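A.B. asks: quick check, what structure comes out for this input:
(3 chains)
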Amino acid sequence: MKHSAAVILSLALAVPAFAQDSNHGAGPVSGVRSLTYDEVRSVSPALEKYTQGPLLDGIWKRPGLSPRDRSIVTLAVLIARNQPIEMPYHFNLALDNGVKPREISEIITHLAFYSGWANAMSAVAVAKDIFAQRGIGADQLPAASPTLLPLDRATDDERAARVRQNAGPVSEGLAEYTNGVLFQDLWLRPDLAPRDRSLVTVTSLIANGQVEQMSYHLNRAMDSGLTREQASEVIAHVAFYAGWPTAFSAVPVAKAVFDARPK
Amino acid sequence: MKHSAAVILSLALAVPAFAQDSNHGAGPVSGVRSLTYDEVRSVSPALEKYTQGPLLDGIWKRPGLSPRDRSIVTLAVLIARNQPIEMPYHFNLALDNGVKPREISEIITHLAFYSGWANAMSAVAVAKDIFAQRGIGADQLPAASPTLLPLDRATDDERAARVRQNAGPVSEGLAEYTNGVLFQDLWLRPDLAPRDRSLVTVTSLIANGQVEQMSYHLNRAMDSGLTREQASEVIAHVAFYAGWPTAFSAVPVAKAVFDARPK
Amino acid sequence: MKHSAAVILSLALAVPAFAQDSNHGAGPVSGVRSLTYDEVRSVSPALEKYTQGPLLDGIWKRPGLSPRDRSIVTLAVLIARNQPIEMPYHFNLALDNGVKPREISEIITHLAFYSGWANAMSAVAVAKDIFAQRGIGADQLPAASPTLLPLDRATDDERAARVRQNAGPVSEGLAEYTNGVLFQDLWLRPDLAPRDRSLVTVTSLIANGQVEQMSYHLNRAMDSGLTREQASEVIAHVAFYAGWPTAFSAVPVAKAVFDARPK
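C.D. replies: Sure thing, here's the model as predicted:
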């Protein structure tokens, strides 16, 4: 993490730009703009202090979760909560921290399904400008239809049967897309490692207070290599970006998952 | 559903425009701008594929819920989650799919109460431009104070008593407005059919994860004519627009409602 | 509350402005723009009616919660739900209703922790312009590191032990920041009274449907002087700004708190 840049840019705001002429179809859709520390201080000297201290010099530097992972978690929170205002800085920081363009591309696509289509589109509107500024072209992006990772048929048959049994009688369509499009296609796309895809999913569930689905996905994340220490740090990191109550609501769910797993 | 138009326009983004001069009061407050498929592809070829495939050629074409109903559901999700970015396309698509301007007007007003005043105002900022572009004038809008639908006094007395009993001792004001303004005024406005008003309400509850109120409103929707098959499709449709976890959280609630109703 | 102004301005929308040149770092980041009643009427004559009636002439004028407190509650809802669109009007109204600039500054900082960093940054982007327009300078803002209020050591030791016991084994980082930064620093900042800080916290929990943490914070608010009548009115007021379902989800939690407290 390039920290001196971080201090300046941590307050980068992407403000949606406008179409000067609403008839033309290909003008800019997002502009990038930084709030300076002077501006933050003009409303809250304390917020400047907490940004530089506990946030940038604190949680971001804690061991237990790498800067790269913290960037993935932060992007997942911002996309899942539809907050373009901090995306330009964090897309840039993520790339600086080693998150690949193809991984960012997959994170956005994944969250179309896990947090809604409009969330993904808002993220695209910002990401395309960052990609253009950094000269990131098609050769660095995942194919639309790549060779998928192998499916662990036995495990997935069980999972699919559970979806058919639980969701099927209520919404056949939901069960069908869940099995066919999500778990037998999206989750098998190779350009985001299963462990990272799970990290994005768990983060988005915590950030949006969707604890019902958290046990399954936290277990899946840990089965794919997320350590207990990393999961603990995710919860603390999300507290800053999605608010303390979301983190506290995740605590009992994580505890139950941790306790039930073999040591 | 005009599908060739849909393919081009499905990525329409409304980007809030700005007041060039913050002192003048009547300038434009929203601009309309489309993300082209090229732009989406510049970040995620996969997202383009999923948009054209499972979303536009998939869920939107499933039988069991008409394009008109799917448009109502989609608008309700976008307004309830405050996502203007996809509203211009979907206001236009809704009108193309047969949703009347007076119905859109009522949907926005209804969701002021069910998802918050600012959500409705954001929707107005976009809708007014679409209405202007399509020449939709006051003659196509509901009156501020129309003749209300008849109130089923016996049923409503019971409902009102329950609100007074449950909410009254905690918040007299909440109970009063719920009975006087919501159920004995808003819900009786004639320009959105009770079944459609319930569809909007149930959708907004699912999209925002507010399952506590879902049983009552899903039952009310089905009492007003929403079929079980339609309700099932609503859940699958909302999955795409509000994210998979919201749909899955709705499943057990819908199951309990379905199971308890006479076949 | 200056009501004639309110009628005109109640529909004020802050539309995020843009950076004309994305390279310069200190241009404007927000513009202010009002929706006129004519514009609202062009989409929904009913919404205009409900805004002028039940909202501005109704809930805002009910006794039991002062206009100042209603302004604090409204700001907390708008910041916690990240809705800049109505912030300019409500920052101005809050100042007119007697909320001090230093209190607004603290509300924003407090909600960085309770609703996420990006929420606070969006609020800063709007507030800085309002402060500039009204000539509010550094002398009216809280110091970054003021002398803190005294800590009630016995009560806080108990609270801190509970956090260490519940959250500690799951996320040591979360427990550490909760005790060190939130309760032994943020909550002791003197420029927002403990009762008002609790009012902001409870409001944000209700507005975001985070009822798990509500009991603790409602009790804390009432221990600091929030009356039962005021709490009742908060719930009704939040119904308008965050939607009816959020208010109804708060009812049983508030009831349990009210019932368990000594009369």
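A.B. asks: in what helix or strand does whichever residue of the stretch 151-263 of chain A sits closest to chain C lie?
C.D. replies: Nearest to chain C in the stretch 151-263 of chain A, going by CB to the nearest CB, is A:Ala236, at a distance of 3.3 Å. C-beta here means a position set from N, CA and C on the backbone, and glycine is covered the same way. According to DSSP states H and E, A:Ala236 maps onto helix A:228-242.
A.B. asks: buried set for that helix?
C.D. replies: A:230-242 (16 or more other CB atoms under 10 Å in any protein chain shown).
A.B. asks: three-state assignment of A:Val99?
C.D. replies: coil (DSSP: H, G, I helix; E, B strand; the rest coil).
A.B. asks: who touches it in this structure?
C.D. replies: A:Arg68, A:Ser71, A:Ile72, A:Leu75 (CB atoms under 8 Å, 6 or more residues apart in numbering or on different chains).
A.B. asks: quick one: those as CSV, columns for neighbour count and distance to C:Arg189 too.
C.D. replies: Below are the contacts of A:Val99 laid out as CSV (neighbours: other CB atoms under 10 Å in any protein chain shown; distance: CB to CB, whole Å):
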residue, neighbour count, distance to C:Arg189
A:Arg68, 17, 34
A:Ser71, 24, 30
A:Ile72, 26, 33
A:Leu75, 27, 31
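A.B. asks: could you single out the nearest of the residues you listed to chain B?
C.D. replies: Among the contacts of A:Val99, and counting by CB to the nearest CB, the member closest to chain B is A:Leu75, at 12.8 Å.
A.B. asks: which element is A:Ala144 on?
C.D. replies: Here A:Ala144 is assigned to no helix or strand, by DSSP H and E.
A.B. asks: got it, and the one 10 residues further on?
C.D. replies: The secondary structure element spanning A:Ala154 is helix A:153-166 (assigned by DSSP H and E).
A.B. asks: that helix vs chain B: in contact?
C.D. replies: Yes - applying CB under 8 Å from any CB of the partner chain, one finds helix A:153-166 touching chain B at A:Asn166.
A.B. asks: over to the residue nearest to A:Thr147 when sequence neighbours are not counted. Which of the three states is it?
C.D. replies: Once flanking residues are discounted, A:Thr147 sits nearest to A:Pro190: 6.9 Å by CB to CB, 6 or more residues apart in numbering or on different chains. What three-state DSSP gives for A:Pro190 is coil.
A.B. asks: how about the residues of the stretch 101-250 of chain A near chain C?
C.D. replies: Going by CB under 8 Å from any CB, the residues of the stretch 101-250 of chain A near chain C are A:129, A:209, A:232-233, A:235-237, A:239-249.
A.B. asks: how about 6 Å then?
C.D. replies: When proximity is defined as CB under 6 Å from any CB of the partner chain, the stretch 101-250 of chain A approaches chain C at A:232-233, A:235-236, A:239-245, A:247, A:249.
A.B. asks: what number of residues lie near A:Ile153?
C.D. replies: I think there's a mix-up here, since residue A:153 is Arg and not Ile. 9 (other CB atoms under 10 Å in any protein chain shown).
A.B. asks: how about A:Phe248?
C.D. replies: For A:Phe248, the neighbour count with other CB under 10 Å is 22.
A.B. asks: that one - that's part of a strand, no?
C.D. replies: No - counting by three-state DSSP, one finds A:Phe248 to be helix, located in no strand.
A.B. asks: returning to that earlier point: which one is the residue of the stretch 151-263 of chain A closest to chain C nearest to, not counting chain neighbours?
C.D. replies: Closest residue to A:Ala236 apart from its sequence neighbours, by CB to CB, 6+ apart: C:Gly173 at 3.3 Å.
A.B. asks: contacting residues for the one you found?
C.D. replies: A:Arg62, A:Glu233, A:Ala236 (CB atoms under 6 Å, 6 or more residues apart in numbering or on different chains).
A.B. asks: low-confidence ranges in chain A?
C.D. replies: A:1-34 (pLDDT under 70).
A.B. asks: apply 50 and report the result again.
C.D. replies: A:1-32 (pLDDT under 50).
A.B. asks: can you give me the helices for it?
C.D. replies: For chain A, the helices defined by DSSP state H occupy A:3-9, A:37-41, A:45-50, A:67-80, A:87-96, A:101-115, A:117-133, A:153-166, A:172-177, A:194-207, A:214-223, A:228-242, A:244-260.
A.B. asks: will you turn the ones you listed into TSV that also has distance to C:Thr203?
C.D. replies: Below are the helices of chain A laid out as TSV (distance: least, CB to CB, whole Å):
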stretch	distance to C:Thr203
helix A:3-9	32
helix A:37-41	23
helix A:45-50	19
helix A:67-80	22
helix A:87-96	27
helix A:101-115	25
helix A:117-133	25
helix A:153-166	36
helix A:172-177	34
helix A:194-207	20
helix A:214-223	26
helix A:228-242	18
helix A:244-260	12
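A.B. asks: C:Ala112: which of the ones you listed is closest?
C.D. replies: helix A:45-50 (6.0 Å; CB to CB).
A.B. asks: who touches that closest one?
C.D. replies: A:Tyr37, A:Val40, A:Arg41, C:Thr109, C:Ala112, C:Ala144.
A.B. asks: for the fifth one, give me its contacts.
C.D. replies: Neighbour list for C:Ala112: A:Leu47, C:Ala120 [criterion: CB under 6 Å, 6+ apart].
A.B. asks: mind checking how far it is from A:Pro88?
C.D. replies: Look at C:Ala112 and A:Pro88: by CB to CB, to the nearest Å, they are 19 Å apart.
A.B. asks: go on, the third one?
C.D. replies: Using CB to CB, one gets 21 Å for the distance from A:Arg41 to A:Pro88.
A.B. asks: now do the residue lying closest to A:Ala132 once chain neighbours are set aside: how many residues are near it, please.
C.D. replies: Spatial nearest neighbour of A:Ala132, excluding adjacent residues (CB to CB, 6+ apart): B:Ser42 at 7.4 Å. Neighbour count of B:Ser42, defined by other CB under 10 Å: 22.
A.B. asks: cool, the one 4 residues further on as well?
C.D. replies: The burial count assigned to B:Ala46 is 26, neighbours taken as other CB under 10 Å.
A.B. asks: do A:Ala154 as well
C.D. replies: By other CB under 10 Å, the residues close to A:Ala154 number 8.
A.B. asks: pretty sure the residue nearest to A:Ala132 contacts A:Ala127?
C.D. replies: No - contact criterion CB atoms under 6 Å: B:Ser42 and A:Ala127 do not qualify, at 8.7 Å.
A.B. asks: now the stretch 101-250 of chain A against chain B: closest residue?
C.D. replies: Counting by CB to the nearest CB, the stretch 101-250 of chain A gets nearest chain B through A:Gly173, at 3.3 Å.
A.B. asks: quick check: that residue vs C:Glu233, distance?
C.D. replies: Distance, A:Gly173 to C:Glu233, using CB to CB: 43 Å.
A.B. asks: and A:Gln83, by the same measure?
C.D. replies: For A:Gln83 relative to C:Glu233 (CB to CB), the value is 30 Å.
A.B. asks: same question for A:Glu103.
C.D. replies: A:Glu103 is 48 Å from C:Glu233, by CB to CB.
A.B. asks: again, but for A:Ser44
C.D. replies: A:Ser44 sits 28 Å away from C:Glu233 when distances are taken as CB to CB.
A.B. asks: same check, this time on A:Tyr241
C.D. replies: 32 Å.
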